[in-house]
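here is a sequence together with a model predicted from it:
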Amino acid sequence: MGGRSAGGRPVIVRATVPAEEFALHHVLSDHPDATFEVERIVETGDDALMPLLWVRDVDRASLEAAFEDDESVDDVSLLAGFEQEFLYRMVWVGRVELILHMLTNSRATIMDAYGTGTRWQLRALYPDRERFSSTHDYCHDHGLEFQVDSIRELDGDPAGRYGLTDAQFTALVEATRRGHYEVPREISLEELADELGVSHQALSERLRRATGALVEDTLLIGPGVEED
């Protein structure tokens, strides 16, 4: 049977690393207004990675010329294109030591990777804090900058899995079950607040924060709303 690792509960870490310490530094610096979103990352060997990468707000010809000049990338293939939005498959062959360490030594799962201009923002799931400490120590030993923006420990209940407090989780679930989000609404915010025994203002704030946290944890790529 599965269980928690010996190091404790899994943790989700949001971190920022400078673009010069990451693959595609040349491409990002050449296209500071473009956004780069990694769809997924697959290991292809001891020193290479194969990501699927969305690039948005960019001219295709200029972008692909930059790919050719970037020594960290190879074997670039266009999978889909929609005006100024393109999906590529490629191989990262340079500046991937940090990600390889995270995937292999720290057993992390890269949930999101979002690059723009001078930085990459990562969201990674670690089996426990001890595994995350391995990444932290690796960066320290190799002189790499790894700025931790947030770290959240997961527990077994549904609220914790999505970054919600128990009160936020209850408010969001009850609002949905009672038809607050139906069109037309089956229950008003005031009526729901009375049933839950809280003020109208408190319930409104809980729903707003819960929605923001849920979107950030499941949909939002890149800079997100502030955590509670």
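Happy to help now that I have it.

mind giving me the packing neighbours of the longest helix belonging to the chain?
For the chain, the helix reaching the highest residue count under DSSP state H is reported as helix 200-218. Here helix 200-218 touches helix 166-177, helix 189-196, going by 3 or more C-beta pairs under 8 Å, 6 or more residues apart in numbering; DSSP states H and E. Where C-beta positions appear, they are placed from N, C-alpha and C, glycine not excepted.

please state the offset of it from the chain centre?
Centroid separation between helix 200-218 and its chain, computed with C-alpha atoms, centre = their mean, to the nearest Å, is 19 Å.

buried stuff in that helix?
For helix 200-218, burial by neighbour count (16 or more other C-beta atoms under 10 Å) applies to 203, 206-207, 209-210, 212-214, 216-217.

and what of stretch 27-41?
27-28, 30-31, 34-38, 41.

and stretch 30-40, end to end?
One end of stretch 30-40 sits 23 Å from the other (C-alpha to C-alpha, to the nearest Å).

what lies in contact with it?
Stretch 30-40 is touched from outside by 24, 27-28, 51-58, 62-63, 66, 69, 87, 110, 112-118, 221-222, with contacts defined as C-beta atoms under 8 Å, 6 or more residues apart in numbering.

still on that earlier bit, let me have the buried residues of helix 200-218 in a markdown table, extended by pLDDT.
Formatted as a markdown table, those follow (pLDDT from 0 to 100):
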| residue | pLDDT |
| --- | --- |
| 203 | 93 |
| 206 | 90 |
| 207 | 91 |
| 209 | 88 |
| 210 | 85 |
| 212 | 82 |
| 213 | 76 |
| 214 | 76 |
| 216 | 69 |
| 217 | 65 |
